[in-house]
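Colleague: my questions are about this predicted structure, shown below with the sequence.
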Amino acid sequence: MKKITGSIILVFLLSCAQPKQHAEIFAPGGNAIKGYDPVAFFTLGQPILGFDRFSYSWKGARWLFSSEEDLTRFKDDPEKYAPQYGGFCAYGTANGHKAPTETETWTIVGDKLYFNYSSKVKEMWLKDQKALIEKADKNWPTVKETD
């Protein structure tokens, strides 16, 4: 009995010692950016829901696309089309934390896609966008490792 108990305790301690997996991509339900096609923000200038038949796994999340062409574009250069800060709130990242986002808060700045927590937060972010992007860029390596 002692041997079994000791083994159970050892397994428990080893599982606790394993590093946590931190989500780098905002993917509620497993779908990055709530299932919206990231390429469409650039090509069509609006949020378009993707389809299951045009999906791609990247950075631990499932990305959906509205067309085969958008899927191919993303596969060829995901860093170009993926939202900054994994799709988490740009304003929140600038302030040192992850926050979920709403799709309608999107903006493209310098050929990069950004999202915010809400339209009210987006208004605050737009007032000092350049400085907040610089701050978020510096914070992201640490913030992405948090839960």
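Modeller: Alright, I've got the coordinates. As the structure is a computational prediction, the values presented were derived from the model and not from experiment.
Colleague: just for this protein, where's the confidence low?
Modeller: By pLDDT under 70, the weakly predicted segments of the chain are 1-22.
Colleague: got the domain ranges for it?
Modeller: Listed by automatic domain parsing, the domain ranges of the chain are 26-81, 83-147.
Colleague: Serialize those to a markdown table and add fields for mean neighbour count.
Modeller: In this view, the C-beta of every residue, glycine as well, is placed from N, C-alpha and C. Shown next, in a markdown table, are these (neighbours: other C-beta atoms under 10 Å):
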| stretch | mean neighbour count |
| --- | --- |
| domain 26-81 | 17 |
| domain 83-147 | 18 |
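Colleague: show me where this structure has strands.
Modeller: 51-58, 61-65, 102-109, 112-116 (DSSP state E).
Colleague: with distance to A82 added, can I get those strands in a markdown table?
Modeller: Shown next, in a markdown table, are these (distance: least, C-beta to C-beta, whole Å):
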| stretch | distance to A82 |
| --- | --- |
| strand 51-58 | 7 |
| strand 61-65 | 8 |
| strand 102-109 | 13 |
| strand 112-116 | 7 |
